[in-house]
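Visitor: output the structure for:
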Amino acid sequence: MADSVRDLRPKATDSEKITINLGYVDLGHIDLLVREGFYSNRTDLIRTAIRNQLERHGDAIQQSVAHHRLDLGLRHFDRRELEAVRLAGKTLHIQVLGLAVIADDVTPELARETIASLHVLGALQASAAVKAALSDRIR
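Guide: Reported below is the predicted structural model:
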């Protein structure tokens, strides 16, 4: 299963939109830095600041990932993989830091039979029916 874990750097289409509230003075400082050419736009500055903070706390992040046994990056689950889990009489305790994808070919019934728990720090992509079927198992 670890073979299907890939490390990602988000591209424009592989990212999640977030909303933040900033004070007017902070926003003015950002606009000033953009106007002076330090950054191409507000988003560029915010992404850079976030990456700098993540790098600054990199050791703590790595320790936490190891401690919690998280899959890092992209983790994809399809019907074939979950049917193999079911055939083996096992269930999965999924923990992902990044993006967890449950393919469209996975039925809600198969997901319930094979996924005992689902903890995603980042984003989960799955059909609405699968998310509803796993709602009591998602943390």
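
Visitor: for the spatially closest residue to Asp105 that is not a sequence neighbour, give me the pLDDT.
Guide: Spatial nearest neighbour of Asp105, chain neighbours left out: Arg79 (4.1 Å); criterion: Cβ to Cβ, 6 or more residues apart in numbering. To be clear about C-beta, it is placed using only N, CA and C from the backbone, and glycine gets the same treatment. Looking at Arg79, its pLDDT reads 97.

Visitor: quick one: contacts for Arg79?
Guide: Contact analysis of Arg79 by Cβ atoms under 8 Å, 6 or more residues apart in numbering lists Ala103, Asp105, Val106, Thr107, Leu110.

Visitor: quick one: the second one and Glu81 touch, right?
Guide: No: under the criterion of Cβ atoms under 8 Å, Asp105 is not in contact with Glu81, lying 10.4 Å apart.

Visitor: which of these two has more neighbours?
Guide: Neighbours were counted for Asp105 and for Glu81 using other Cβ atoms under 10 Å; Glu81 has more, 16 against 11.

Visitor: ok, now which ones touch Arg42?
Guide: Going by Cβ under 8 Å, 6+ apart, Arg42 touches Ile30, Asp31, Val34.

Visitor: surely the first one forms part of a helix?
Guide: Yes: Ile30: assigned to a helix according to DSSP: H, G, I helix; E, B strand; the rest coil.

Visitor: number of nearby residues for it?
Guide: Using other Cβ under 10 Å, Ile30 has 20 neighbouring residues.

Visitor: test my guess that it contacts Thr43.
Guide: No: at 10.0 Å, Ile30 does not count as touching Thr43 under the criterion of Cβ under 8 Å.

Visitor: show me which helix or strand of this structure is least confident by mean pLDDT.
Guide: Of all helical and strand segments in the chain, the minimum by mean pLDDT, DSSP states H and E falls on strand 5-6, at a mean of 58.

Visitor: coming back round to it: list buried residues within the contacts of Arg79.
Guide: Ala103, Val106, Leu110 (16 or more other Cβ atoms under 10 Å).

Visitor: so which of these comes closest to Arg86?
Guide: Leu110 (7.0 Å; Cβ to Cβ).

Visitor: follow-up on the earlier one: how about CSV for the buried ones among the contacts of Arg79, with distance to Leu134, secondary structure and pLDDT added?
Guide: Putting the buried ones among the contacts of Arg79 into CSV (distance: Cβ to Cβ, whole Å; DSSP: H, G, I helix; E, B strand; the rest coil; pLDDT from 0 to 100) gives the following:
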residue, distance to Leu134, secondary structure, pLDDT
Ala103, 14, coil, 97
Val106, 10, coil, 98
Leu110, 11, helix, 98
